[in-house]
Each structure stands twice: as structure tokens, then as C-alpha cells.
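Visitor: What follows is a predicted structure for the sequence shown.
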Amino acid sequence: MNHSPRTRTVAGCTLLVIALGAGGTACSSGGNPLTDKPYDASDQISFNGLSEDGKKADPDKPLEVTADDDRITDVTATDATGRSVTGELSSDGSRWHSTSPLAANAHYTVQVSTEDEDGAPGRKVLSFDTTKPTTKKRLSVTFGPKSGTYGVGQPITAQLDKPVKDKAQRAVVERALRVDSVPAVQGAWHWVDDKELHYRPKEYWPAHATVQVHSNLDGVKVGDRLWGAKSKPLKLTIGDSIVAVTDAASHSLTVYKNGEDINEIPVTTGKPGFETRNGVKVVLGKEYFVRMRSTTVGIAAGSSDSYDLPVYYATRLTWSGEYVHAAPWSVGSQGYANVSHGCTGMSTSNAEWFFNTVHEGDVVKVVNSEGNTMEPFGNGFGDWNLSWKNWRTGSALVAGTPDAPTPAEQARLRPESV
């Protein structure tokens, strides 16, 4: 197929423009224009301001592709790291423009596919570089937890080193934070505050899944004089599904492994005035020995409720000090009554078994307690106590930025108790 270039003038504009000329007429040799190999449209396409050697594009300006008589059928723009530029194509195929920002100091390859009035395909490929950011102000992200193996309830955290309040800027950040799992799951980010996001699936992670987290923010403009920086990726492996259910009414804790009931343990939970929180909690860590004192929760030394005890096999559920731990002093009440100051107590042998069975990221769910529900944020990982619908309202890509935390979410934090 033979296409002759058409002469035209490319008008300058404030956009980074790729202007396409019209294609020639179809061949008269009887070939099928719909199955012919795309012709080299180099003579019909010019790239405004980018034809000179060493010319770099301004990443502050959108990318635009325009056509004269031909119709644009597809445009792909990808940088050297694999990041794609999203865009919109006009209904008549005469114009395509980017809807996501270009990265600074990046190398891009743009492929433009066209079609003439007879359906003959044309193609042009362009490579160009973008200039470096004009400011040194960078936004970096630190992912958590550390790489390793975790339970099915472990959320992913993203800690920003600078606050991001604007809804549009949050969308840029969130769009660049990628979480990929095998097997794939439905999940979403939730803005906890201006500097912290959490990611969780709709349901718990599948057992034995592999989760990889990375940021595409490097070189991307987030806001005025603020550009994304490089961030260290994260890789997690999910272990067996371990879910423990503590029933404060029946004074029992049942442990499920991969859906199978593997142990039922008699326990005691918080007594009146010190009720254990209801809801889903995620194991934060394990401590073989913890010294627990009543003075840390405001109970005067020497009072009827005072204590100063060595505690063993302590599995931490909140930062304020709620544990599942050995409580040999309350064995007579375990399975019968709630006598603790908020923790879940069991015999030493049962606590040792529980300690050796669960891992960071495993789930402990408390039901039928007279206490409040575990707050979503600020005292550990209560993320699963938000419904999926409410969780998604915290995404800047779904329903804008979340409101300030409710009073329930800022419920009182209690230090170590027994």
C-alpha cells in the first residue's frame, strides 16, 4: 500500500502535541485494507516540538494526539518502567489527550494507530524523554509491614512523608500505589488520615497467597511543587488461615485453621467495667513475657482491683495492651465467668499452644461482649470492623476523601491490662 504525505502546518499550543496527517487513498490492486499490514505513517505524522535531537517534553503539560483526515483508533504511551498514561479519545477519533500526568525525568514510547477512510491501518511510534522536576520537594511512601509471612487479616499500610489533603492529589497518589496478589482479590485503599493509607481485600486474604506492593509515584507530579519519589517495594506471603473466635458469653475461644475447628479453649474475658472489645482484631506480635501493672490503667496501688503480675505467652491484639495470655490465677473462672481487666486469659498450657499456633496478621474475633467494638484505626488493626461499603468510601478513587474519624473510631485506648 502506498501512502503519499500531505503538506500541512502544525499549529503550536500549550500542550505536548503529536499531530497526525491524513493518510492516502487505498490501494487499487485488490488487497483487503482491513487485513493489510499497517503502513508506515511516518510521512503523515509529525510530532510537534519533539523532532529535534535531545528535545525533552515538559511533564507539566498534557500529552495530546490530533489527526486531520485519518481517524485515531488507539494510542498507547508507556514509560521505561512499564507505567502507562491513561487518556481519552474523542468520539470522531480526531483527538486523543492524556488524563493522567506524565512522569518527570522519564523515557516514553508512544504508539499511535490510525485508520483512513477506506479502513487501511497506519501506525507511528515515537520515543521521547521528559525533563527533570523543577523542584526538589518529593513525596515518598513507606509500605508496611516488613516483608515476610503473615496471617490472612494483615492489612497493607502506606505511610507518606508529607501530608496530602486535596482530593485530586490523593487520587494521583492512590492510583500510583499498586497491590497485586496471586490469586487475585478485590481490594481497595482507605485514607486513614493525610499521611497514612491502609489496603485490605474485601474478604480476608486467601491462604498461601503472594502479595506484592509497589509505588509508581517516582517522577509523577502530585501537586504544585510536589513530585513523587522512589519507594521500596514490599512482598508478603500469606500463611495458613488462622481465625480465633472468642465468645465472651460462653467463655470459650475456638481456633479455626483453614476453616477447620482445631481447638476449643476455656477462657475468661473482661469483667464489668473492663469489658473486652468486640470485633475483629489482628495479631500485632507475640511477647513471651510482659509485666502488667494496674497503675498503667489508672487503678490505684493497694485497691481491690490493683495488680502487678508477670504474664507469659502474651499475644498482643492492641497497642493499648489487650492480649491473649496465660492467666494461671484465674483458671477456676475460665470457661465460667469473666474476671479479667480486658484481656483474654487462659491456662498456661493453653496459652503456650495458642502462642505457638498464631502468627502476626492472624485474626482474633471477639463476640458477645458487653464492651465497645474495636475501633478501626489508631489502636492496632481494626480495619475489618468497617463494612466493605464503608471501607471503599475512604478511597479517593471511589467516593473522595473520608470524613474525620468518628468518636467510636477514637474510643479510649487502654494500656496493658489482665
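Guide: Perfect, I can see it now.
Visitor: Which of the three states applies to residue 295?
Guide: Look at residue 295: counting by DSSP: H, G, I helix; E, B strand; the rest coil, its state is helix.
Visitor: What pLDDT is listed against the closest residue in space to it that isn't next to it in sequence?
Guide: Residue nearest to residue 295 in three dimensions, not counting chain neighbours: residue 301, with 5.8 Å by Cβ to Cβ, 6 or more residues apart in numbering. The C-beta positions use only the backbone N, C-alpha and C, and glycine is treated the same way. Note for residue 301: predicted pLDDT of 75.
Visitor: How about the one 4 residues further on?
Guide: Among the per-residue scores, residue 305 shows a pLDDT of 72.
Visitor: Ok, residue 176 next?
Guide: 95.
Visitor: May I see the buried residues of stretch 68-86?
Guide: 69-73, 75, 77, 79, 83, 85 (16 or more other Cβ atoms under 10 Å).
Visitor: what about it, start to end distance?
Guide: Using Cα to Cα, to the nearest Å, the end-to-end distance of stretch 68-86 comes out at 22 Å.
Visitor: Quick check: mean pLDDT of that stretch?
Guide: On average, stretch 68-86 scores 84.
Visitor: how about the helices in the stretch 201-350 of the chain?
Guide: For the stretch 201-350 of the chain, helices defined by DSSP state H, counting those that start in this stretch occupy the ranges 348-357.
Visitor: where in the chain is pLDDT low?
Guide: 1-37, 39-54, 134-135, 296-298, 304, 399-418 (pLDDT under 70).
Visitor: that older thread, looking at the buried residues of stretch 68-86, which is nearest residue 386?
Guide: residue 83 (30.5 Å; Cβ to Cβ).
Visitor: May I ask you to confirm that the closest one is in contact with residue 214?
Guide: No. When contacts are counted by Cβ atoms under 8 Å, residue 83 is not listed as touching residue 214 (10.8 Å).
Visitor: tally of neighbours for the closest residue to residue 227 other than its chain neighbours?
Guide: Nearest non-adjacent residue to residue 227, counting by Cβ to Cβ, 6+ apart: residue 133, 4.4 Å away. If you count neighbours by other Cβ atoms under 10 Å, residue 133 ends up with 21.
Visitor: need the contact list for residue 133.
Guide: 59, 104-105, 219, 221, 227 (Cβ atoms under 8 Å, 6 or more residues apart in numbering).
Visitor: for residue 183, same thing?
Guide: 206, 209.
Visitor: Residue 148 versus that one, what's the distance?
Guide: Separation of residue 183 from residue 148 (Cβ to Cβ, to the nearest Å): 20 Å.
Visitor: What of residue 257?
Guide: Taking Cβ to Cβ, one finds residue 257 at 20 Å from residue 148.
Visitor: More neighbours: which of those two?
Guide: residue 257 (17 against 14).
Visitor: Now do the strands in the stretch 51-200 of the chain.
Guide: 56-57, 63-67, 71-79, 87-89, 95-98, 107-115, 121-130, 138-139, 141-144, 148-150, 156-160, 177-182, 187-193, 196-201 (DSSP state E, counting those that start in this stretch).
Visitor: looking at these, which is closest to residue 268?
Guide: Closest among these, using Cβ to Cβ: strand 148-150, at 28.4 Å.
Visitor: tell me how far that closest one is from the chain's mean position?
Guide: How far strand 148-150 lies from its chain's middle: 17 Å, per Cα atoms, centre = their mean, to the nearest Å.
Visitor: Pull up the pairing partners for that strand, direction included.
Guide: Its sheet considered, strand 148-150 pairs with strand 234-238 (parallel) by DSSP bridges.
Visitor: Next, the buried residues of the strand it pairs with.
Guide: Buried-residue list, strand 234-238, by 16+ other Cβ under 10 Å: 234, 236, 238.
Visitor: same check, this time on stretch 230-248
Guide: 231, 234, 236, 238-239, 241-248.
Visitor: what's the span of that stretch, first residue to last?
Guide: End-to-end for stretch 230-248, by Cα to Cα: 47 Å.
Visitor: Next: stretch 258-275.
Guide: 29 Å.
Visitor: Now find how far off-centre that stretch is within its chain.
Guide: 31 Å.
Visitor: contact partners of it?
Guide: Contacts of stretch 258-275 (Cβ under 8 Å, 6+ apart): 207, 240-241, 246, 248, 251-256, 276, 327, 330, 333-347, 350, 353-354, 357, 366, 369-372, 417.
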